[in-house]
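S.K.: Let's see this in three dimensions:
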Amino acid sequence: MQHVRLFRGHILNPAAEDRYTLHADGGMVTDEGGIILEVGDYPAVTDRYPSATLIDCSDRLILPGFIDTHTHLPQYRAVALYGQELLEWLNRDILPAEREFTPEAADTLCPLFFRTLLSYGVTTAAVYCSVQKESTHVAFEWAEKTGIRAIIGKVMMDRNAPDFLLENTVESLHASEEVCRKWHGAANGRLLYAFTPRFAPTCSRALMRGVGELASQYGAYIQTHLAENPAELQWVRELFPEARSYTDVYFRAGLLGPKTVLAHAIHVSSDERCLLTETGTCVSHCPTSNLFLRSGLMPLRELLDMGLHIGLGSDVGGGPTLSPFEIMRSAIYVHTARRFLPDFGGGDISPTTALYMATLGGAKALGLDDKIGSLACGKEADFIVVNPQRLSPLSTEKAMDISPDTLISRMIFRGDDRIVEQTYVRGVLCHDRSSHGNNER
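M.R.: Numbers count the residues shown, from 1 in each chain. From the prediction side, this is the model:
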């Protein structure tokens, strides 16, 4: 007989950028394959599933797992190195760190990285590795072991890179294709591959065209960077004089489309925004990194209003933390700062919007909203259990007695990994704070 579980708790579910649902006494039923069978009010759900095993989280908040749409695994060992802008920082700190991402080093760093993500309630991450093929295999192996849902890619660079990371164009394409063949769709679809040209300045036209062809052939993702820093934009103009814009470089190479995720997109013109919208290309907003590297203030509200699918990214190590709470509140702070600029376009980024971008909005950006991002019948049970009492400034206040809007606001502005008690991916407990991160796998 099928093993069915019934999770009881306060179920908070993003529905749209400005809307959510809350079951104050909710029930969520999952089957043994980690598929959600029903979400609703607990009394009605328990009547329909009287024999389900009860997991009582009645004084806890249950919500979808967070989605990190842009992060760099090898850079985790080089976080929080302040003082440089993008290009100097890459050359001084990051590329040397990626050189050290050997298979042996990866075997130590990967479990720490993925378990830290899970401890923050991140159930899905889009991850850049380095150019080392074998180290990328190790990253996939640890993603499989830890239970996280991940889109991972081997970084590709065939020009304007130090000798210790520089690749031959054909060999880079072949190595990436080999990793894609092995891992794209592995773990019953939990692991996916992204072809990962670092950014236009370190990639030849031939490499980028090859990436577009391979991604189309395998139905894989493409992830790269766009318009992060003014000096980077000038470099791109010098390297690609035939292109109308940075975004046009990728368009000419066949890299834009619904399965492409471009990180940053801070300094993009109105024509570029239209091109991104027309091609269905998605964007990862990385506010902590944009501030840390002094790259700029992304016009988030304007891009959202154009209909772009935008998720949130930690961009570690440009971003100093993997915390989705820090990233959500930074997205709000950045928009607040833009109010003082003469070209401010108006509008607001509310806590509800930030939560949406970290969950269902991120799923839409990755084209996975039919599977994850919200808690609904037929979707996979990627969710977290949060202790809301830790968010209250007063010990006498009962967290569940406050309004849902206040609860969301406090979770974003006061939350950290200490409020995340359990993290489930596809119904499997992958992080349990009470057991110091040990999981069921």
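S.K.: can you list the weak-confidence ranges in the stretch 201-350 of the chain?
M.R.: For the stretch 201-350 of the chain, no stretch has pLDDT under 70.
S.K.: in it, which spans are helices?
M.R.: Ranges of helices in the stretch 201-350 of the chain, per DSSP state H, counting those that start in this stretch, are 205-218, 230-239, 246-252, 270-279, 287-292, 300-305, 324-338.
S.K.: okay if I get these as CSV plus mean neighbour count and distance to Cys110?
M.R.: C-beta: built from backbone N, CA, C; applies to glycine. As requested, the helices of the stretch 201-350 of the chain are exported to CSV (neighbours: other C-beta atoms under 10 Å; distance: least, C-beta to C-beta, whole Å):
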stretch, mean neighbour count, distance to Cys110
helix 205-218, 18, 23
helix 230-239, 16, 29
helix 246-252, 23, 29
helix 270-279, 16, 32
helix 287-292, 24, 21
helix 300-305, 19, 31
helix 324-338, 21, 20
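S.K.: Which one of the ones you listed lies nearest to Asp41?
M.R.: Counting by C-beta to C-beta, Asp41 lies closest to helix 324-338 out of the helices of the stretch 201-350 of the chain; the figure is 27.9 Å.
S.K.: Please save the CA atoms from the closest one in PDB.
M.R.: Extracted C-alpha coordinates of helix 324-338, given in PDB (Å, rounded to 0.1, in the frame of the first residue of the first chain):
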ATOM      1  CA  PRO A 324      18.000  33.900   0.600                       C
ATOM      2  CA  PHE A 325      16.800  36.100   3.400                       C
ATOM      3  CA  GLU A 326      19.700  38.500   2.900                       C
ATOM      4  CA  ILE A 327      19.100  38.400  -0.900                       C
ATOM      5  CA  MET A 328      15.400  39.100  -0.600                       C
ATOM      6  CA  ARG A 329      15.800  42.100   1.700                       C
ATOM      7  CA  SER A 330      18.700  43.400  -0.400                       C
ATOM      8  CA  ALA A 331      16.400  43.300  -3.500                       C
ATOM      9  CA  ILE A 332      14.000  45.600  -1.500                       C
ATOM     10  CA  TYR A 333      16.800  47.900  -0.300                       C
ATOM     11  CA  VAL A 334      18.200  48.300  -3.800                       C
ATOM     12  CA  HIS A 335      14.800  49.300  -5.200                       C
ATOM     13  CA  THR A 336      14.500  51.800  -2.300                       C
ATOM     14  CA  ALA A 337      17.900  53.300  -3.100                       C
ATOM     15  CA  ARG A 338      16.800  53.700  -6.800                       C
END
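S.K.: Need the residues that contact that helix.
M.R.: The contact list for helix 324-338 (C-beta atoms under 8 Å, 6 or more residues apart in numbering) reads 66, 68, 120-122, 285-288, 290-291, 297-301, 312-314, 319, 321, 344, 348-351, 354-355, 357-358, 411-413, 415-416.
S.K.: For the following helix or strand past it, C-alpha coordinates in PDB please.
M.R.: As assigned by DSSP states H and E, the chain's next helix or strand after helix 324-338 is helix 351-358. The C-alpha coordinates for helix 351-358 follow below in PDB (Å, rounded to 0.1, in the frame of the first residue of the first chain):
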ATOM      1  CA  PRO A 351       8.100  41.700   0.800                       C
ATOM      2  CA  THR A 352       5.400  39.700  -1.000                       C
ATOM      3  CA  THR A 353       7.200  40.300  -4.300                       C
ATOM      4  CA  ALA A 354      10.600  39.400  -2.900                       C
ATOM      5  CA  LEU A 355       9.200  36.100  -1.500                       C
ATOM      6  CA  TYR A 356       7.600  35.400  -4.900                       C
ATOM      7  CA  MET A 357      10.900  35.900  -6.700                       C
ATOM      8  CA  ALA A 358      12.700  33.600  -4.300                       C
END
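S.K.: Could you list every helix and strand in contact with helix 351-358?
M.R.: Here helix 351-358 is seen to pack against strand 5-16, strand 19-30, strand 310-312, helix 324-338, helix 404-414 when contacts are counted using 3 or more C-beta pairs under 8 Å, 6 or more residues apart in numbering; DSSP states H and E.
S.K.: and the fourth one with helix 404-414, angle?
M.R.: In other words, helix 324-338. 100 degrees (axes from the mean of the first three to the mean of the last three C-alpha atoms, to 10 degrees).
S.K.: any idea of the angle helix 324-338 forms with helix 351-358?
M.R.: Using the same axes, to 10 degrees, the direction of helix 324-338 lies 120 degrees away from that of helix 351-358.
S.K.: circling back to that earlier point, could I have the ChimeraX command that selects the buried members from the contacts of helix 324-338?
M.R.: Only the buried entries of the contacts of helix 324-338 go into this ChimeraX selection, using 16 or more other C-beta atoms under 10 Å:
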select :66,68,120,121,122,285,286,287,288,290,291,297,298,299,300,301,312,313,314,319,321,349,350,351,354,355,357,358,411,412,415
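S.K.: hmm, back to that, now distance to Phe195 too, for the helices of the stretch 201-350 of the chain, in JSON lines please.
M.R.: Shown next, in JSON lines, are the helices of the stretch 201-350 of the chain (distance: least, C-beta to C-beta, whole Å):
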{"stretch": "helix 205-218", "distance to Phe195": "5"}
{"stretch": "helix 230-239", "distance to Phe195": "19"}
{"stretch": "helix 246-252", "distance to Phe195": "12"}
{"stretch": "helix 270-279", "distance to Phe195": "17"}
{"stretch": "helix 287-292", "distance to Phe195": "22"}
{"stretch": "helix 300-305", "distance to Phe195": "24"}
{"stretch": "helix 324-338", "distance to Phe195": "25"}
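S.K.: these two touch, right, Leu118 and Cys430?
M.R.: Yes - in this structure Leu118 lies within contact range of Cys430 using C-beta atoms under 8 Å: 5.1 Å.
S.K.: what do the two both touch?
M.R.: Contact criterion C-beta under 8 Å, 6+ apart; residues shared by Leu118 and Cys430: 146-148, 423, 439.
S.K.: Show me which of those residues are buried.
M.R.: For the shared contacts of Leu118 and Cys430, buried by 16+ other C-beta under 10 Å: 146-148, 423, 439.
S.K.: and the longest helix for the protein?
M.R.: The longest helix of the chain (DSSP state H) is helix 103-119.
S.K.: mind listing what's buried in that one?
M.R.: Buried residues in helix 103-119, counted by 16+ other C-beta under 10 Å: 105-106, 109-111, 113-119.
S.K.: go on, stretch 82-92?
M.R.: Of the residues in stretch 82-92, 86, 89-90 count as buried by neighbour count, 16+ other C-beta under 10 Å.
S.K.: How is the chain divided into domains?
M.R.: Following automatic domain parsing, one finds the domains of the chain at 5-64+373-435, 66-365.
S.K.: which residue is nearest the middle of the protein?
M.R.: The chain has Asp68 as the residue nearest its centroid, 1.6 Å off, counting by C-alpha atoms, centre = their mean.
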